[in-house]
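>>> next comes the sequence, and after it the predicted model I'd like to discuss.
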Amino acid sequence: MAETNGHNDARPASTNGAGTGPGGAGNGSGGNGGGKLATVLADAKKVKARATEELTETIKAPEKTDLWKSVLRVKHDETPRSRALGVLSNVFLHLHPAKINRDAVAYNYTWGMGGMTFYVYITLVFTGTLLMFYYHPSKVVAFRDILYLESDVPFGKLLRNMHRWGAHLMVIMVELHMFRVFLTGSYKKPREFNWVIGVLLLVLTLLLSFTGYLLPDDQLGFWAVTVGTNMARATPLLGHDGPFGPQLGMTPFNDVRFGLLGGSIVDSNALLRAYIWHCVAIPIIASIFMIVHFWRVRKDGGISGPSQVMLEHEIKEQKKP
Amino acid sequence: MANPTLEPGVAKGQPAPSQSKPSLLQAFQGIFSKGEDPDESRTVGRRRKFVMAAVLGTLSLNLLMFLRFFFPRALYEPKTKFRIGYPSDFGFGVDTKFQNQYRIWVVRNTEAIFVISSICTHLGCTPDWKASENKFKCPCHGSGYDPEGINFEGPAPRPMDRAHVELDPEGQIVVDLSHVYRWPKGEPSQFNDPGAIIRL
């Protein structure tokens, strides 16, 4: 490795050469004054020759330089250790386990629902961000922007429908994932904590769905949010129609519904609030919980599953030494 | 977080009973009393507790400020008090001409005029007036009301609220939607209260 370093990387090599230069000069001055200049010149020639050689090598095979290897992926020895290191030292892959139980990742066991939910979430973040370029969260303009997106924006209809159907799909997939986890008993010890995180993620998914409902500012979304937030009136203690609410001084102008809508009716404040919750706050919270969720899957011993079994025909005969 | 009101109590206070885990008050007493505790670790523990209390106090104050932030002081919502014209402008039965503008219906029967707030008492949608069926029908969950706004089908828990009405000196009807009259299930009706109805 050290040898490769010296020969293939142009930069460290030249520093190295510069280092030897003054050393050589010092030696020369020890001998006699006349040979000093000659030594320096000879050293410089040597450095030049080496630099030229290294430069040609770099141009011939740039993939062998350390710089190249540090940035781009290179082929390592085919040993289990280097394969594991390849996964562990990559930020995008390090969540993957180095080894996995074959039966636990079978599609008829996991349905692939957790991973696919995450994939749909990524799609939603991407399409949603693009939609934000054409959408203004204010009354009158909001619905017009939706019509504009649907009819005039290039690929606007595609993006909006990807976002809309993706949102429906994500809710369905989260529920199927939960159903699978329930059926396979994967909420049991030691995975109780991750089940709780999962329930929070389900709630966040539903909240994302609900806040996104108002954003087109059409009749469907408007009345859905009217109905949905009117349920908040009946919140115990915090709602003005709920148990003990009026006794605590709750009115339509200071209860939990007022805080959600930013007013006593579903109006421009409510639209803006739904927009910010939908596009900024809840995605950030959900992403944080997702990180914990995925990390925790690994920490709890990977995907739950049947105990690791090796079939009879797979057992190799032990080699006799 | 240092609460100055605690100090007089501290000055007069008795020596704290020895405990393995001192309370917050005892921590404050330790901090504000002059005598130095010979036990170094207990002093450090109290200081840690004080810092922790300061941090948590600041954070909880910030949380309260964060929550208060979501309740605006000024609202830009439609007026709730407005004039709708003279009683003679309205014929018998349900008048829906102010539904879009003010979200109300004006109802006149043989003896009086009153104003129904067009908000379904189930979950707040606007019911439709079905003239052919002589009833209000909510499109959201199917609550039905008779022409006087009394519920008779669907999930609505009570008749629709009625707005406060009065005649101004000119003789026009003034409606105040911020003051409504209700008839909750099992409770006495407020629909005959003064202000709920204009007798003609």
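Structure's in. What do you need?

>>> got the contact list for stretch A:74-86?
Stretch A:74-86 is contacted from outside by A:63, A:68, A:73, A:93, A:98-99, using Cβ atoms under 8 Å, 6 or more residues apart in numbering or on different chains. Backbone N, C-alpha and C define where each C-beta goes, glycine included.

>>> max-length strand in chain B?
strand B:173-181 (DSSP state E).

>>> one step back: quick one: which of the contacts of stretch A:74-86 is nearest residue A:120?
Nearest to residue A:120, judged by Cβ to Cβ, of the contacts of stretch A:74-86 is residue A:93 at 20.8 Å.

>>> run a quick neighbour tally on residue A:105.
Neighbourhood size, residue A:105 [other Cβ atoms under 10 Å in any protein chain shown]: 15.

>>> ok so, going back, report the buried residues of the longest strand of chain B.
B:173, B:175-177, B:180-181 (16 or more other Cβ atoms under 10 Å in any protein chain shown).

>>> and for stretch B:72-83?
Per 16+ other Cβ under 10 Å, stretch B:72-83 contains no buried residues.

>>> swap in stretch A:47-63?
Going by neighbour count (16+ other Cβ under 10 Å), the buried part of stretch A:47-63 is A:47, A:50, A:54, A:57-58.

>>> now do stretch A:278-287
Quick answer for stretch A:278-287 (16+ other Cβ under 10 Å): A:278-279, A:282-283, A:285-286.

>>> contact partners of it?
By Cβ under 8 Å, 6+ apart, the surrounding residues in contact with stretch A:278-287 are A:121, A:125, A:128, A:132, A:201, A:204-205, A:207-208, A:211-212, A:215.

>>> ok now the helix or strand hosting residue A:297, how far from the chain's centre?
Using DSSP states H and E, residue A:297 sits in helix A:282-299. Distance of helix A:282-299 from the chain centroid (Cα atoms, centre = their mean, to the nearest Å) equals 10 Å.

>>> try stretch A:184-201
21 Å.

>>> and it, C-alpha only, in PDB?
These are the backbone C-alpha positions of stretch A:184-201, laid out as PDB (Å, rounded to 0.1, in the frame of the first residue of the first chain):
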ATOM      1  CA  THR A 184     -45.900 -12.200  12.100                       C
ATOM      2  CA  GLY A 185     -45.800 -11.200  15.700                       C
ATOM      3  CA  SER A 186     -43.000  -8.800  15.000                       C
ATOM      4  CA  TYR A 187     -44.200  -6.300  17.600                       C
ATOM      5  CA  LYS A 188     -43.100  -8.700  20.400                       C
ATOM      6  CA  LYS A 189     -40.000  -8.500  22.500                       C
ATOM      7  CA  PRO A 190     -37.500  -7.000  21.700                       C
ATOM      8  CA  ARG A 191     -39.300  -5.000  19.100                       C
ATOM      9  CA  GLU A 192     -42.000  -3.300  21.200                       C
ATOM     10  CA  PHE A 193     -40.200   0.100  21.000                       C
ATOM     11  CA  ASN A 194     -40.100  -0.100  17.200                       C
ATOM     12  CA  TRP A 195     -43.800  -0.900  17.100                       C
ATOM     13  CA  VAL A 196     -44.500   2.300  19.000                       C
ATOM     14  CA  ILE A 197     -42.300   4.300  16.600                       C
ATOM     15  CA  GLY A 198     -44.200   2.600  13.800                       C
ATOM     16  CA  VAL A 199     -47.600   3.700  15.300                       C
ATOM     17  CA  LEU A 200     -46.300   7.300  15.500                       C
ATOM     18  CA  LEU A 201     -45.200   7.000  11.900                       C
END
